[in-house]
Structure formats: C-alpha cells, structure tokens
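Colleague: Have a look; sequence and predicted model below, questions after that.
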Amino acid sequence: MTLKANRRTKIVATVGPASESADMIAKLIGAGVNVFRLNFSHGTAERHAQVARRIRKQASIAGNYVGILADLQGPKIRISSFRNDSVELSNGDRFRLDLALAEGEGDVSGVGLDYDALCSSVFRGDILLLDDGRIRLRVDDVDTNAVDCTVVVGGKLGSRKGINRLGGGLAAPALTAKDLTDINSLAEVRPDFVAVSFVSNAGDITQTRELLAQHRLNPAIIAKIERAEVVADEETLNSILRAASGIMVARGDLGVEVGDAQLIGIQKSLISKARRMDRLVITATQMMESMISSSMPTRAEVFDVANAVLDGTDAVMLSAETAVGKYPVEVVAAMADAALGAERQAVTRISGYRSDRQFSSAQETIAMSAIYAANHYGNVRGIACLTESGTTPLLMSRLSSGLPIFALSRRAETLQKLCLCRGVIPLFFDASAFDQDDVEPRAIELLVDGGYLQKHDSILLTKGSVQGEAGATNIMKILPVS
C-alpha cells in the first residue's frame, strides 16, 4: 500500500469570479485548498452566503474538512475619483489632497478623499504613498481642509486608489459601518475564521468577538497586521496576539508603510512570535502574482512561498491569483509543490523550541513530549491526538516535525478550525461511540483505512483519561499497527 503524501503547510485561496462555481471549488479542493477566503471588500452578503454553502457541499462530497475565512474590508483609506477616471502625474508637479472636493471632481491638480482626519495626521516633510506606493507625494503644507504636496514619484493615478503614510499613522477605526453590517450577515455564512483588517489594538479583536457572539458565532479571529505603528510597538503587537486566534502577515499595506526592505525581517519576526505565543499565522499578498495571467510561477515566487514555509508559517494565501486569475487550479498546485519542496528540508522537521521552558499544564507537557518522542523514535509514522477543543494538536503544531498530527475529534467546529493549523490533519472520530478498550484499535483502524498508516508502523497516541472533557489530555502511548 502507498501511503498518502501529507503537505504540512496549508493553502488559503480567495474566491472570486474565476473560482466561485461548484465545479471550480471542487477542483480547487482536489488541488489542495484547505481554507477558502471570502473577501468582503467585494460582493454582496447573499453572494457570500451562497458561495459558502457551495464550499460546504463540495467539501462534504470530497470527504475533506475545508475551512471558510470571512475577510472584513476594514477602513481602507482612499482618494475619491477623477473626472476622467485617472490622471498622469510627473515628478515635481504640485498636487492637492482636498477634503472639499467631491467625487468626480479630481483632476491633475488635486483630488478629494474619504478620510476627514488626514489634516491632523500628517506633517510637513511626510511621504504619502498612493496606489500601493506606486505614486509618492511629499507633504509641503497642511491647512484645515487640505494637504498641499509635491510629486516625488509620478505615474498614472486612478480613481479610488488607497493612500498610506510612510511609517504609518493614518489610522481609522478597524470596524467600519460596512464591517458592522457584514458581521450581521455572517450568521448565513457561519465562517470558521474571521479576519479583521487594519487592526490597531486588542480592543478591535475584543469588539469583533463580542459582535459575533451576539449572533451565536464563535469563529477563530485572525488579526491582519497591516499598520507600521503596530509592528513598531511590541506591547501593542503582543496584546493583539493574545486577544486573537492568529494573525495574517498582510504584506500589501504593511509593505507600503514600512518599505519592502524592512518587510523581510518583519515577516520572519511575526511568524516566529505567533508560533511562540501558540497562535496561527497566514502569510499573504502577491505570493504567486504572475500566475494571474501565466500558467507557471516565476522562480522568485516559488522561493517566496518556500521561504515563508521555512519561516514556519501555518498557511500561505492566494488572492487575485484564484479570485480573478486565468489559472486558479494550476496556481494552487504550484503553491502546493513549492510548500512540499520546502518541507523536505531538515530545518522544517526538528527543532529545540521550548526545550528550556517550564510547561504550564499536563496538556502542554503531553503535547510537547509527544512531538519530541515522535521526532526521535524512527518507527513512529505520526501522532494521533484525541481532542475536544483542538488545543493539544495546536500546541503540537508549534514545534517543527516532519510527521503528520492526526486530530481525531467528534466536534465539527474543532475540526474546521484545525484546517488552518500547520501539520494537522483533521479527521472525524467519535471516541464516545466505542467501549473504552476499543478506542485505540478503532483509531488505528481509521488511519489505516484512510491510507495514513500501514502494518508494522507505530503511531504515537495522546488522549485524556476522562473522555469528552476539553483540556484533559494527560496520556501518551506508542502503539503498534497490527
């Protein structure tokens, strides 16, 4: 029997016009998508709910657990529109950002915008970045209702493009009126994850969780790290990580604000910090951008995905590549291949992480001990974790290992949330349906039948002495497959 090849790093794919049909969703699941992202910057609540039902149906047909991530739009600060849709700016031109200009009144001399706090947020000498940094303006003068600038880097500027300040500081509340409306619609989507855009403090996460609870929703909340001032303030960043279930390294706006050269180290630091704090982490933005129109990735894109995997990210994300690209299935397959290639490197398989740290619970002790034992006992082919809440497999996944972690649970909500967790394979298993003496052989039978184990292998199994109780994992065994 040939055992299944298990990719540890998860893939998040954005749904859009190119990928929202039932047939394409089925193909993307087959190609390796673990979580589908619904981008609430586009589309209606009804459309998202319809796509979510489609995803659930196709995942059920495939026999896979596939997560759904609802990504809230957040306060993207944008200029308003031009009379002719765009203007051409040259270096040295004067350009005015004028709060008094209405939609459609912009021209080569200036444009309006939707951010009333601009004049109190910028100062002479600041650099403003428009259209993801493609256009750069230097602030020359600030008055009550307008900011006068000189074009430093010119080019074509279209209507409704985003605006950032180099170094950050243009901060609006993370939850807009649109986000509040979208949260009210999520009862129809029932997402496993909700991403909050432009998070500035832990209160943004707490507020989101409380609003979701009003609709009896308890998804894992992902904080998108996009603001330079957040990564510059360790206390703020730590508080956000403690409040959230995970983070997204959102390299678009973050890269614009801090600069691409600084972003390299920040990505590595954020991934490391998230893993140390037992939080999930997604690396996102332009990972295989060329495949929007090309059937093959560039070598640089393959290296970008591989480096994120080597950094320890739980998941890598595709945006326009699958939402509007010409080759959604091919790009998922290419990303999966890049991740698998990186995972073959020894550095991804064994680490000494936490070897010098005291554990805080029996559950954590078992989780850490299981990974250490599995990494050092050659005949073990994986770790089977009987779990209620999903905490033990999450803790296990924070350590590097080349072995799969099989999360066996009767709770669909737990299994759905583990779709994003690196190295974890969620499988339905109701231990309460068997006599206590039958649980272990039945668990092994499930893994053998699924093609994960074969005769003469060994499996490391963790469970609680009291079945069905969350946080009670306190037993570890090495069991032969016979």
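Modeller: Arrived safely.
Colleague: G255: what secondary structure?
Modeller: The assignment at G255 comes out as helix when based on DSSP: H, G, I helix; E, B strand; the rest coil.
Colleague: what's the answer for the one 10 residues further on, then?
Modeller: Reduced to three states with three-state DSSP, the structure at G265 is helix.
Colleague: Do you know the pLDDT at it?
Modeller: The model reports G265 with a pLDDT of 95.
Colleague: okay, now it: neighbour count?
Modeller: 10 (other Cβ atoms under 10 Å). For glycine as for every other residue, the C-beta is placed from the backbone atoms N, C-alpha and C.
Colleague: Give the next helix or strand downstream of the worst-scoring helix or strand of the chain on mean pLDDT.
Modeller: When each helix and strand of the chain is scored by mean pLDDT, DSSP states H and E, helix 362-376 comes last, with a mean of 76. Per DSSP states H and E, helix 362-376 leads on to strand 380-386 as the next helix or strand towards the C-terminus.
Colleague: after that following strand, next one along is what?
Modeller: Immediately after strand 380-386, counting by DSSP H and E, sits helix 391-397.
Colleague: contact partners of that next one?
Modeller: Helix 391-397 is contacted from outside by 278, 280, 314, 363-364, 366-368, 370-371, 383, 385, 387, 405, 407, 418, 421-424, 462, 470-471, 473, using Cβ atoms under 8 Å, 6 or more residues apart in numbering.
Colleague: For ChimeraX, write the select line for the buried members of the residues you listed.
Modeller: Buried members of the contacts of helix 391-397, defined by 16 or more other Cβ atoms under 10 Å, are picked up in ChimeraX with:
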select :278,280,314,363,364,366,367,368,370,371,383,385,387,405,407,418,421,422,423,424,462,473
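Colleague: for R124, what are its contacts?
Modeller: Neighbouring residues of R124 by Cβ under 8 Å, 6+ apart: V139, D140, D141, V142.
Colleague: related to what we said a few turns ago, now do the least confident helix or strand of the chain: which elements does it pack against?
Modeller: strand 380-386, helix 391-397, strand 458-464, strand 473-480 (3 or more Cβ pairs under 8 Å, 6 or more residues apart in numbering; DSSP states H and E).
Colleague: Rebuild the ones you listed as a markdown table, extending it with mean pLDDT and distance to A171.
Modeller: Converted to a markdown table, the helices and strands packed on helix 362-376 look like this (pLDDT from 0 to 100; distance: least, Cβ to Cβ, whole Å):
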| stretch | mean pLDDT | distance to A171 |
| --- | --- | --- |
| strand 380-386 | 90 | 41 |
| helix 391-397 | 91 | 31 |
| strand 458-464 | 88 | 44 |
| strand 473-480 | 86 | 41 |
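Colleague: so which of the ones you listed gets nearest L166?
Modeller: L166 lies closest to helix 391-397 among the helices and strands packed on helix 362-376, at 36.3 Å (Cβ to Cβ).
Colleague: right, and the helix or strand after the closest one?
Modeller: Next element after helix 391-397 (DSSP H and E): strand 405-409.
Colleague: Could you report the neighbour count for V380?
Modeller: 18.
Colleague: Tell me who's in contact with I79.
Modeller: L97, G106, V111, G112, L113, L130, L157, S159, R160, K161, I163.
Colleague: May I have the phi/psi pair for it?
Modeller: phi -70, psi 160 (degrees, to the nearest 10).
Colleague: So what pairs up with it in the strands?
Modeller: L113 (DSSP bridges).
Colleague: cool, T462 as well?
Modeller: Assigned bridge partners for T462, using DSSP bridges, are C385, M476.
Colleague: quick one: it and A384 touch, right?
Modeller: Yes - with contacts counted by Cβ atoms under 8 Å, T462 reaches A384, the gap being 7.4 Å.
Colleague: Look up the closest residue to A22, ignoring the ones flanking it.
Modeller: R54 (5.2 Å; Cβ to Cβ, 6 or more residues apart in numbering).
Colleague: pLDDT score for the one you found?
Modeller: pLDDT, R54: 98.
Colleague: Make sure it is indeed in a helix.
Modeller: Yes - looking at R54 with three-state DSSP, it is inside a helix.
Colleague: my read: it touches S19, true?
Modeller: No - if you go by Cβ under 8 Å, R54 and S19 don't touch, sitting 10.6 Å apart.
Colleague: What residues sit buried inside stretch 444-454?
Modeller: Neighbour counts over stretch 444-454 (16+ other Cβ under 10 Å) mark I444, L446, L447, V448, Y452, L453 as buried.
Colleague: Any stretches of this structure with poor pLDDT?
Modeller: 1-5, 347-360, 468, 471 (pLDDT under 70).
Colleague: Now the most centrally placed residue in it: which helix or strand?
Modeller: Geometric centre of the chain, nearest residue: I282, 3.3 Å, by Cα atoms, centre = their mean. Using DSSP H and E, the element containing I282 is strand 280-284.
Colleague: Any figure for the gap between M476 and A443?
Modeller: 14 Å (Cβ to Cβ, to the nearest Å).
Colleague: So which of those two has more stuff around it?
Modeller: A443 (23 against 18).
Colleague: was I right about that one contacting L460?
Modeller: No - using Cβ under 8 Å, A443 is not in contact with L460, being 11.6 Å away.
Colleague: hey, what's in contact with both of the two?
Modeller: Joint contacts of A443 and L460 (Cβ under 8 Å, 6+ apart) are A384.
Colleague: Show me how this protein divides into domains.
Modeller: The record's domain parsing of the chain by automatic domain parsing lists 10-73+173-344, 86-165, 362-480.
Colleague: Tell me which helix or strand D140 sits in.
Modeller: Counting by DSSP H and E, D140 is part of strand 135-142.
Colleague: picking up where we left off before, for the residue nearest to A22, give its distance to Y327.
Modeller: R54 is 21 Å from Y327, by Cβ to Cβ.
Colleague: go on, L254?
Modeller: From L254 to Y327 the distance is 27 Å (Cβ to Cβ).
Colleague: now do D233
Modeller: 40 Å.
Colleague: Those two - which one has more neighbours?
Modeller: For D233 and Y327, the more surrounded residue by other Cβ under 10 Å is Y327, and the numbers stand at 20 against 15.
Colleague: Wait, that one touches M288, no?
Modeller: No - in this structure Y327 lies outside contact range of M288 using Cβ under 8 Å: 9.6 Å.
Colleague: Show the contacting residues for the residue nearest to T144 when sequence neighbours are not counted.
Modeller: Setting aside the residues directly before and after it, T144 is nearest to C119 in space (Cβ to Cβ, 6+ apart), at 6.2 Å. Shown in contact with C119 (Cβ under 8 Å, 6+ apart): L99, V142, D143, T144, N145, A146, V147.
Colleague: Kindly report the same for H376.
Modeller: H376 neighbours (Cβ under 8 Å, 6+ apart): none.
Colleague: how near is it to L460?
Modeller: H376 is 11 Å from L460, where distance means Cβ to Cβ.
Colleague: now L101
Modeller: From L101 to L460 the distance is 65 Å (Cβ to Cβ).
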